[in-house]
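Participant: Sequence below, structure please.
(one chain, ligands or ions: 2)
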Amino acid sequence: MYELGVVHRTVRRPDPADVEALKPFGVSTVHEAMGRTGLMRPYIRPVYPGAELRGTAVTVLLQPGDNWMLHVAVEQLQPGDVLVAACTTECEDGFFGELLATSVRARGGAGLVIDGGCRDVGELREMDFPVFSRAVNSKGTVKATLGSVNVPVVCANAPVNPGDVVVADVDGVVVVPAGRVAEVADASRRREDNEESKRRRLAAGELGLDMYGMREPLEAAGLRYVD
Ligand SMILES: O=C([O-])CC(=O)C(=O)O
Ligand SMILES: [Mg+2]
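Facilitator: Ligands and ions are numbered 1, 2, ... in the order given. Okay, the predicted model is just below:
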């Protein structure tokens, strides 16, 4: 059950050194390194090409058609934080635009992930202010119904707690629990090292069939080559 009408002012953020260690890695690597967990649904997309985002989450629970809590959340931002906004029910209204982005940036916020709509995309692109949203929609919102800030939310199917690390790029959005950041950064490094050796072998012409030892199981499964 959602907790409504509350702002938690204390967020336990992970060690900045651990967040830094996670920095080189993209969404797909981080998702795999977490045991294939943490992904938001793929309908959350960057609002302009090339937008990328990472930082610790300040979570927002919105009511449909109402962006009041986004304004409340901006006050809670610390430099490098990312707003992560979920909604109590599906809504594609344009909750956020360049004015709110200007305010987020003035407080040092890094960007927004929202399971809702966003507008003013031309201005956001010019500002290079990264937003990942479920829709681009000019339809505006009101400020009338309480939600919450810094409560656990589910955003596009991913559980997000305040202080979790959010990584967003062209592949999607993944959420790393605050307590797992160092471990996931290590696993991401190991995975990238492993992929680098595979990349070299594939570039040299070796086939995945041989590299992964797939010929025998294919034969055992009855695969036949026919001329
Ligand atoms: O004002 C709003 O409600 C959303 C918006 O367009 C902006 O922040 O620029
Ligand atoms: Mg606007």
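Participant: Any buried residues in stretch 31-41, and which?
Facilitator: For stretch 31-41, the neighbour count (16 or more other C-beta atoms under 10 Å) marks His31, Glu32, Ala33, Met34, Gly38, Leu39, Met40 as buried. Where you see a C-beta, it was placed from the backbone N, CA and C, and this is true even at glycine.
Participant: Show me the two of the residues you listed that sit farthest apart.
Facilitator: Ala33 and Met40 (16.4 Å; C-beta to C-beta).
Participant: In space, not sequence, find me the middle residue of the chain.
Facilitator: Val173 (2.9 Å; C-alpha atoms, centre = their mean).
Participant: quick check, that one in a strand?
Facilitator: Yes. With DSSP: H, G, I helix; E, B strand; the rest coil as the criterion, Val173 is located in a strand.
Participant: In the protein, what residue comes closest to ligand 2?
Facilitator: Going by C-beta to the ion, ligand 2 is nearest to Gly97 of the chain, at 3.1 Å.
Participant: Tell me, how many residues neighbour the nearest residue to that residue once chain neighbours are set aside?
Facilitator: Nearest non-adjacent residue to Gly97, counting by C-beta to C-beta, 6 or more residues apart in numbering: Asp120, 3.5 Å away. For Asp120, the neighbour count with other C-beta atoms under 10 Å is 21.
Participant: From here on, call the first residue 4.
Facilitator: Fine by me, first position is 4 from now on; the one you just mentioned is Asp123.
Participant: can you list the residues of the chain near ligand 1?
Facilitator: Asn70, Phe99, Gly100, Glu101, Leu102, Leu103, Arg122, Asp123, Gly143, Thr144 (C-beta under 6 Å from any ligand atom).
Participant: Most neighbours among these, please name it.
Facilitator: For those, neighbours tallied by other C-beta under 10 Å; top is Phe99, 27 neighbours.
Participant: Was I right to think that one contacts Asn70?
Facilitator: Yes. Using C-beta atoms under 8 Å, Phe99 is in contact with Asn70, at 6.7 Å.
Participant: and the buried residues of stretch 34-44 as a markdown table, adding pLDDT?
Facilitator: What follows is the buried residues of stretch 34-44, written out as a markdown table (pLDDT from 0 to 100):
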| residue | pLDDT |
| --- | --- |
| His34 | 98 |
| Glu35 | 97 |
| Ala36 | 97 |
| Met37 | 97 |
| Gly41 | 98 |
| Leu42 | 98 |
| Met43 | 98 |
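Participant: List the ones among those residues that fall in helices.
Facilitator: His34, Glu35, Ala36 (DSSP state H).
Participant: Might one say that the last one is in contact with Phe28?
Facilitator: Yes. The pair Ala36 / Phe28 is scored as a contact, 7.4 Å apart, by C-beta under 8 Å.
Participant: joint contacts of these two?
Facilitator: Contact criterion C-beta atoms under 8 Å, 6 or more residues apart in numbering; residues bridging Ala36 and Phe28 by contacting each: Ser191.
Participant: In the protein, mark out all the strands, start to finish.
Facilitator: Along the chain, counting by DSSP state E, strands occupy 9-10, 48-49, 56-65, 84-90, 97-99, 114-121, 134-139, 151-152, 156-158, 161-163, 168-172, 175-179.
Participant: Direction included, what does the fourth one pair against?
Facilitator: Listed by DSSP bridges, the sheet partners of strand 84-90 and their directions read strand 56-65 (parallel), strand 114-121 (parallel).
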